[in-house]
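K.L.:
below are the sequence and a predicted model; questions follow.
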Amino acid sequence: MDFDINLMRDDRCTLVRVHGDIDVVSRTRFEEALFEVVDSGEPMVVDMREVTFCDSTGLNAIVAANRRAAEHGSVVALVALPPRVQRVFHITGIDKFIPIYDTLREALSTLPSKTTRS
């Protein structure tokens, strides 16, 4: 499966849309994109509705990005995980410390406002 990632910035956050398999082949590109966003200090929402597979390297990239975001005083949220992918997050316990939302609207409603972040 092909892998693609797109970043869309607005005044609330950067939305990261991921398509395809997140695995050892795509890990570097995925991790670099996540780190670029969290290093900016902006909140990040990762839309995973089109992710077909996520292995341990993908999980590690998300955990590392979440840790870096916390160091910058920012947040990471995940949206629309397919059941197969969500199961991996649940089994590993990652869903206990990285918020997962069903919809983008739900995730955006939990982000701190710009005045709160300033």
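P.N.:
Looks like it came in fine.
K.L.:
now do the longest strand along the chain, average pLDDT.
P.N.:
The single longest strand within the chain, with elements called by DSSP state E, is strand 44-54. The average pLDDT for strand 44-54 rounds to 96.
K.L.:
ditto for stretch 90-110
P.N.:
Stretch 90-110 shows a mean pLDDT of 94.
K.L.:
got the buried residues for it?
P.N.:
By neighbour count with 16 or more other Cβ atoms under 10 Å, stretch 90-110 contains the buried residues 94-95, 98-101, 104, 107-108. The way it works is simple: take the backbone N, C-alpha and C, and place the C-beta from them, glycine included.
K.L.:
pull the distance from the next helix or strand after the longest strand of the chain to the chain's centre.
P.N.:
The first helix or strand that comes after strand 44-54 along the chain, using DSSP states H and E, is helix 56-71. Distance of helix 56-71 from its chain centroid, counting by Cα atoms, centre = their mean, to the nearest Å, is 9 Å.
K.L.:
tilt between helix 56-71 and strand 44-54?
P.N.:
170 degrees (axes from the mean of the first three to the mean of the last three Cα atoms, to 10 degrees).
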